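[1] here's my sequence, what's the structure:
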Amino acid sequence: MAKSDGCDYFERTRLFWIITVTISMGYFTCIVFVPEKIPYESLGLFGTFSRNLVDNHADIMYKGWVAGWIVHFFEAIIAMRLCSQKGITDTATSFLWFIQTLLFGFASLALLIKYDPKHPKQH
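    Purely as a prediction, here's the structure:
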């Protein structure tokens, strides 16, 4: 097996976070842009709470949705800087970190923060 110098290090976010963030951001997007498609009655107390947010705080929900994506974008920018600082110079790998962090936020960024290029993980 060939050894890597760390310039192409990439670790996928855990499946738990992929599912959790995808469902959460997807639901948030639906609440903001297509609230009429959500079956609030089928969601119990969570549906009642969601319906209240849609009916009484739609403007705050939209601003929260925008803020969430802005935060993810800045986390992705930080991931690019960390790639550079940690010696991950492969463009495709840096792009993977950017996209993964843009989509899954700190769940991805934390993996990159923990990465120590001086002590590679043994498999």
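
[2] rest of the way, CA atoms for contacts and neighbours
    Will do.

[3] please identify the buried residues of stretch 104-114?
    104-109, 111-112 (16 or more other Cα atoms under 10 Å).

[4] need those in JSON lines (columns: secondary structure, distance to P35 and pLDDT).
    Formatted as JSON lines, these follow (DSSP: H, G, I helix; E, B strand; the rest coil; distance: Cα to Cα, whole Å; pLDDT from 0 to 100):
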{"residue": "F104", "secondary structure": "helix", "distance to P35": "23", "pLDDT": "97"}
{"residue": "G105", "secondary structure": "coil", "distance to P35": "24", "pLDDT": "95"}
{"residue": "F106", "secondary structure": "helix", "distance to P35": "27", "pLDDT": "95"}
{"residue": "A107", "secondary structure": "helix", "distance to P35": "27", "pLDDT": "95"}
{"residue": "S108", "secondary structure": "helix", "distance to P35": "29", "pLDDT": "96"}
{"residue": "L109", "secondary structure": "helix", "distance to P35": "31", "pLDDT": "96"}
{"residue": "L111", "secondary structure": "helix", "distance to P35": "34", "pLDDT": "96"}
{"residue": "L112", "secondary structure": "helix", "distance to P35": "36", "pLDDT": "95"}
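
[5] widest-spaced pair of those?
    F104 and L112 (12.6 Å; Cα to Cα).

[6] about what we covered before: what's the closest of the buried residues of stretch 104-114 to H72?
    Of these, the one sitting nearest to H72 (Cα to Cα) turns out to be G105, at 5.1 Å.

[7] please consider this matter closed, and thank you.
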